[in-house]
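**Student:** This is a predicted model, with the sequence first.
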Amino acid sequence: MMKHLFTLIALTALAIAPVHALTPQQAQQAIDNMANDAQLRHASLGVAVYDLDSARVIASHGLDQSDITASTMKTVTSAAALELLGNDFCFETPVYLDGEIKGDRFKGNLVVRGTGDPTLGSRYLAQLPDFVGEIVTALRQRGISRIEGAIVADDSYYPFPYYHSAWDVGDLGWSYGAAVHALNWADNVVNLSFSVDSSLQVSPFTITPAVPGLQVINRLHLGYRDAVEPNLEYATPAIVLVGEAVAKDYRFNVVNPTPAALLADSITHALQHSGFKFKLKDNAYRKLRNPQRTLLLVHRSPALTDIITSLLDRSDNMYAHALLRAIGAHDRSLVGKDMMHTDLDATGIAAIKRWLTAGGVDTSPLFMRDGSGLARANKASPHFFVEMLAMMQRTRPSGTRLCDLMPTAAGRVGSELKATPLATDIVLKSGSMSDVQCFVGYYPAHQPRYAWAVLANNYNCSRAQIKQHIGNLLINLFGQ
């Protein structure tokens, strides 16, 4: 009883703890001090601080200029998904038996129908259901112990290209550039390893886990500098290594262009190792006279709030792109259709802009090209960001809020802020790429009084230094 009393007192004290109140003059001075730093003399810098109580911007620099956002664009996609899809939305992946069931024997095709779930087999979500294990269990529950046929991983729901057309081709082979397929498996990433010895001989390439049919094509120049880049060829399919390599061991994560093939192989191996008498026979279905389609199971992803929490924390481009496509499919009432349109990304963006406009947010400074921010063509102004963040506080008085799903500032914005209470009392989303460092967020974390945004492009300092500048600004704004 006493323990619960102490907990209640602590929570009450936290709830009534005074928030550091900003005057517009103090906030503007802190922003001006940062903007006038010599290392930011040639930078394109946008800053805005928005008072949620008075519903106005109280201090700014470059308020209405649109700059490259990098992954801060994920807050827009995540916020829209919460509103347009709902907290409890989840992706559904049906599994069918196409064929004949006679006693304990099934003859035909086991069909996995992909609908864009990015979490299948993901390593990043706690308590993620074992999709392959679900299939094995469902077969046993139907009394099936013998299977003659094929595993069909139906990846046709999304047409090619699976990646976004605005993404840079140099990003598509690296793990952060994983595309969204109808069937995604194990984050659509594999590990590629090989060695170059002192005589510049290249060892055999190893892909882990092994993907059926996936090749590695070596177009490397050897002996000059360490600059290996993976490209993709979907038609082959192949990982094509280009650039230059030196004598060393190489091991890095690259995109798997055929996740459906790896999923089908994973199911096959699971059946073989689970005591099923499984005979892989591609033509079994075609020989049946009266095949029937039977729903075996419907796998449901974790809830949307869990997906968003993970993608914002890790800045997962594939998860964000999957949500954009889900928004597009929902907007056109296409969920459950046989195939999505090729303009699904544009449909999702149009739906997001309509939602923002209906909420009173001016979208003219928003140049949204994808849902993740990976494309450098994504741009927005700090004014747009704080208005969007403010809208998410106004329109969700109950239930899960965007601020509840955003990570804390701890370890993300400079070493000095890390040592202050602001490390856990600010929530934010970061975004970075070459010559770009951005942050948007709320203070305080659980009962926000302020929304803020900092977009820095083309600064004359290191990434660590620009993060330190932004961290110091947040200390000057919100520190006590």
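**Tutor:** In hand now; what should we look at?

**Student:** just the helices in the stretch 251-400 of the chain please.
**Tutor:** 259-273, 304-314, 317-331, 344-358, 382-394 (DSSP state H, counting those that start in this stretch).

**Student:** what do you get for the stretch 101-250 of the chain?
**Tutor:** Using DSSP H, counting those that start in this stretch, helices in the stretch 101-250 of the chain cover 131-141.

**Student:** So Ala409 is in contact with Gly441, correct?
**Tutor:** Yes - if you go by Cβ atoms under 8 Å, Ala409 and Gly441 touch, sitting 7.3 Å apart. In short, each C-beta sits where N, CA and C put it, glycine included.

**Student:** Give me the common contacts of these two.
**Tutor:** Ile426, Val427, Leu428 (Cβ atoms under 8 Å, 6 or more residues apart in numbering).

**Student:** Quick check: beta-bridge partners of the last one?
**Tutor:** With DSSP bridges applied, Leu428 shows beta-bridge pairing to Gly441.

**Student:** How many residues are close by the residue lying closest to Ala270 once chain neighbours are set aside?
**Tutor:** Of all residues not flanking Ala270 in the chain, Val132 sits nearest, at 4.8 Å (Cβ to Cβ, 6 or more residues apart in numbering). Neighbour count of Val132, defined by other Cβ atoms under 10 Å: 20.

**Student:** Tell me the predicted confidence for the residue of the chain most remote from its centre.
**Tutor:** Centroid-distance maximum for the chain: Arg289 at 44.6 Å, with Cα atoms, centre = their mean. We have a pLDDT of 85 for Arg289.

**Student:** Just name the most buried of the helices of the stretch 251-400 of the chain.
**Tutor:** Counting by mean count of other Cβ atoms under 10 Å, helix 317-331 has the highest mean neighbour count of these, with a mean of 26.

**Student:** Which elements pack onto that helix?
**Tutor:** Helix 317-331 sits against helix 73-84, helix 304-314, helix 344-358, with contacts defined as 3 or more Cβ pairs under 8 Å, 6 or more residues apart in numbering; DSSP states H and E.

**Student:** Out of those helices, flag the one nearest Gln127.
**Tutor:** Nearest to Gln127 among the helices and strands packed on helix 317-331 is helix 304-314; the distance by Cβ to Cβ comes to 8.4 Å.

**Student:** Now do the closest one and helix 317-331, the angle between them.
**Tutor:** Counting by axes from the mean of the first three to the mean of the last three Cα atoms, to 10 degrees, helix 304-314 lies at 140 degrees to helix 317-331.

**Student:** Just the angle for helix 304-314 relative to helix 73-84, thanks.
**Tutor:** Going by the same axes, to 10 degrees, helix 304-314 makes 170 degrees with helix 73-84.

**Student:** ok, now which ones touch Ser310?
**Tutor:** So Ser310 contacts Tyr124, Leu125, Asp316, Tyr319 (Cβ under 8 Å, 6+ apart).

**Student:** Just the pLDDT at the last one, thanks.
**Tutor:** It stands for Tyr319. 98.

**Student:** which non-adjacent residue is nearest it?
**Tutor:** Leaving aside its chain neighbours, Tyr319 sits nearest to Leu311 (3.8 Å; criterion: Cβ to Cβ, 6+ apart).
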